[in-house]
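# below are the sequence and a predicted model; questions follow.
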Amino acid sequence: MSQDPTTSAIPPAPTGYKLQIPQMPILGPPDFGLFLRNLYQAIVGEATAIDFYYRLLREAPNELHREFIDHAYRDEMQHLEAFTRLYCYFTGQKPQYTVTPVQYRSYREGLLLAMKDELEAAETYQEIILSSTDQLVRDTFFMAMTDEMEHATRFGFLYNSLR
């Protein structure tokens, strides 16, 4: 008798057996101390980006540039608020930090630095997502990661429009 090709090759679990799905993150076991350091750095990075984009916004040569930079600026404020709430949730205190302004010689160089910073942030946030099993952490960083990728695209477009 031939086997139906639509049936699974995996036998059914025995009656009364409870399937346990592992909660191991892709990048290995969670390290809470490392997570808090990464969260703190994300907060500092978002606050730095807010300062940076505020200055870039004042130098924008036209409405499209202002629109794209303002979009990133507003998103970064949302990320800072979300990360700060997460930090307070896990530590019971507000983070204390200072911002070191990003230095750039020209508006175009500023756009290039912004694009690079956004790509690095997206990569860092991806690593945090893949190192956690906590859904609140994953959702918060996923929202920020996708925004950072969008910002990098927008800054790349603005940078290339100035050739």
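Looks like it came in fine.

# make it CA atoms for all contacts and neighbour counts henceforth
Will do.

# list the residues that contact the residue nearest the centre of the chain.
With distances taken as C-alpha atoms, centre = their mean, Met145 lies nearest the centre of the chain, 2.8 Å away. Residues in contact with Met145 (C-alpha atoms under 8 Å, 6 or more residues apart in numbering) are Ala121, Ala122, Glu123, Tyr125, Gln126.

# what do you get if the cut-off is 10 Å, keeping everything else the same?
By C-alpha atoms under 10 Å, 6 or more residues apart in numbering, the contact set of Met145 is 79, 118-126, 128-129, 139, 151.

# now do His71
His71 neighbours (C-alpha under 10 Å, 6+ apart): Tyr53, His65, Asp147, His151, Arg154.

# what do you get for Thr100?
Val44, Gly45, Ala47, Thr48, Asp51, Phe52.

# sort out for me which of those residues are in helices.
Those of the contacts of Thr100 mapping onto helices are Val44, Gly45, Ala47, Thr48, Asp51, Phe52, per DSSP state H.

# of those residues, which is the nearest to Tyr87?
Ranked by distance to Tyr87 (C-alpha to C-alpha), the ones in helices among the contacts of Thr100 are led by Val44 at 11.9 Å.

# and that closest one, how far is that from Thr100?
For Val44, the distance to Thr100 (C-alpha to C-alpha, to the nearest Å) stands at 9 Å.

# show me the shaky parts of the protein.
1-30 (pLDDT under 70).

# would a markdown table of the contacts of Thr100 with distance to Thr91 be doable?
A markdown table is the format used below for these (distance: C-alpha to C-alpha, whole Å):
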| residue | distance to Thr91 |
| --- | --- |
| Val44 | 16 |
| Gly45 | 19 |
| Ala47 | 19 |
| Thr48 | 22 |
| Asp51 | 25 |
| Phe52 | 28 |
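
# turn the residues you listed into TSV, including neighbour count and distance to Pro61.
Shown next, in TSV, are those (neighbours: other C-alpha atoms under 10 Å; distance: C-alpha to C-alpha, whole Å):
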residue	neighbour count	distance to Pro61
Val44	21	28
Gly45	19	25
Ala47	21	24
Thr48	19	22
Asp51	16	19
Phe52	21	16
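
# among the contacts of His71, which two are most distant?
His65 and Asp147 (17.2 Å).

# so who does Leu36 touch?
Ala42, Leu86, Tyr87, Phe90, Thr91.

# tell me which element it falls in.
helix 32-59 (DSSP states H and E).

# and the next helix or strand past that helix?
Counting by DSSP H and E, the next helix or strand C-terminal to helix 32-59 is helix 63-91.

# can you check what angle separates that following helix from helix 32-59?
Relative orientation of helix 63-91 and helix 32-59, computed by axes from the mean of the first three to the mean of the last three C-alpha atoms, to 10 degrees: 160 degrees.

# kind regards, and thank you for your time.
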